[in-house]
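> Okay, here's the prediction I keep looking at, along with the sequence it came from:
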Amino acid sequence: MANSNLSQQDLYFELNTSNGEDISLEDFQSFVDRVITPRFPNGLTIFDAQGQFQDITGEAIEESSQVVSLAIEDTATNETAIKEIVEEYIKFQQESVLTVVDEDIQAPNNSLCQDYTSDMFASIEVDFW
């Protein structure tokens with residue numbers, strides 16, 4: 001029997017500040033340890049990403065990012081925790097944190113591990129906070 005109230009939340013954290021300074025991987029890990037892990041102690045996945053975006057001046061910016069992926073229950077409490085994480089990271093002089101939400105993932109009861117098929121990822125929501 002599958003658990004149908006899970007969502008996958010992917011948060012994209014830029015590693016450059018708006019004033020051009022780098023956020024080190026050590027500082028980012030400290031942020032994860034201090035801000036994310038206490039809110040989601042059951043686990044998360046972090047991976048490197050390279051991307052680009054258009055800043056508020058219209059300039060295309062290329063930079064490194066860290067993506068934190070969470071498979072969590074779709075609850076108001078968890079949604080609030082995500083917003084708190086984003087608000088904390090914006091204090092690193094960030095314009096936004098890209099959040100991609102898939103509200104329709106399936107996993108067997110008591111487990112978040114399963115081989116996913118493409119038809120399981122049908123509804124995706126993208127937010128900039």
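Everything's here; your move. What you see is a predicted model, and the numbers here were worked out from it, not measured in a lab.

> make it CA atoms for all contacts and neighbour counts henceforth
Fine.

> mean confidence for the top helix by length along the chain?
In the chain, assigned by DSSP state H, the helix with the most residues is helix 76-90. Averaging pLDDT along helix 76-90 yields 95.

> Next: stretch 30-44.
96.

> and I90, how far is that from T17?
Distance of I90 to T17, given as CA to CA, to the nearest Å: 9 Å.

> what does L25 give?
Distance from L25 to T17, by CA to CA: 13 Å.

> For these two, indicate the residue with more neighbours.
T17 (15 against 12; other CA atoms under 10 Å).

> Settle this for me: I72 is touching P41, isn't it.
No - here I72 lies out of contact with P41, judged by CA atoms under 8 Å, at a distance of 10.7 Å.

> who has more neighbours, the two?
Comparing I72 with P41 by neighbour count (other CA under 10 Å), the higher total belongs to I72, at 20 against 9.

> can you give me the strands in this structure?
Assigned by DSSP state E, the chain shows strands spanning 2-14, 45-54, 60-73, 98-108, 124-128.

> looking at this protein, which helix or strand is least sure?
strand 124-128 (a mean of 50; mean pLDDT, DSSP states H and E).

> got the contact list for S24?
L15 (CA atoms under 8 Å, 6 or more residues apart in numbering).

> can you do 6 Å?
Shown in contact with S24 (CA atoms under 6 Å, 6 or more residues apart in numbering): no residues.

> measure it to Q66 for me?
11 Å.
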